[in-house]
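In: structure of the sequence below:
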Amino acid sequence: MKFSVALPILGFEDEKEFELEKINDTFYKLRGKNVSFTLVNPFLLKPDYDFEISDFETEALKLDEKKPFMVLNILTVNEPFEESTINFAAPLIFNLEDKLMGQVILDKYPYSLTDPLKNYIKEKSEN
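Out: Below you'll find the model as predicted:
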């Protein structure tokens, strides 16, 4: 699914369109002309993840309570995979109806730019 950029991803302001591909319920791939990102569904890892966006951001993304939208976060993949980090402080919001997307910065919330994935992986119990 292709999305036009309404609010640019910091550092990638030249990217005007991205294609979003679902890998599974947790992971997504976002591809631009010159960059790609691995994204994660934050609510499957952090059920209490909650924030509000500004009126400016809401208008730029053409969001309202009737339009379907999705929130995903950038995952920086490291080796080993458990050392990967999630950027909860700057989620990507996708307006699924109008095919618009953008990154918002949650500077008024205590979320981290580099929250370790290992904090959200359940360890398998030994039998």
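In: look up how far Tyr111 lies from Pro42.
Out: The gap separating Pro42 from Tyr111 is 9 Å, by CB to CB, to the nearest Å. (Each C-beta comes from the backbone N, C-alpha and C, glycine too.)
In: give the intersection of the neighbour lists for the two.
Out: Common contact partners of Pro42 and Tyr111 (CB atoms under 8 Å, 6 or more residues apart in numbering): 49, 88.
In: Leu20 touches Tyr28, doesn't it?
Out: Yes. Applying CB atoms under 8 Å as the test, Leu20 and Tyr28 come out as touching, 6.0 Å apart.
In: go through this structure and flag its longest helix.
Out: Secondary structure of the chain per DSSP state H: the longest helix is helix 55-60.
In: residues of that one that come out buried?
Out: 57, 60 (16 or more other CB atoms under 10 Å).
In: what pairs with the next helix-or-strand element following that helix, and is each one parallel or antiparallel?
Out: Once the chain leaves helix 55-60, the next helix or strand it forms, by DSSP states H and E, is strand 69-76. Sheet partners assigned to strand 69-76 using DSSP bridges are listed as strand 36-40 (antiparallel), strand 85-86 (antiparallel), strand 92-95 (antiparallel).
In: those: which one's closest to Phe12?
Out: strand 36-40 (8.9 Å; CB to CB).
In: next up, the contacts around the residue nearest to Thr76 when sequence neighbours are not counted.
Out: Using CB to CB, 6 or more residues apart in numbering and skipping the chain neighbours, the partner closest in space to Thr76 is Thr85 (4.9 Å). Contact analysis of Thr85 by CB under 8 Å, 6+ apart lists 75-76, 78, 113-117.
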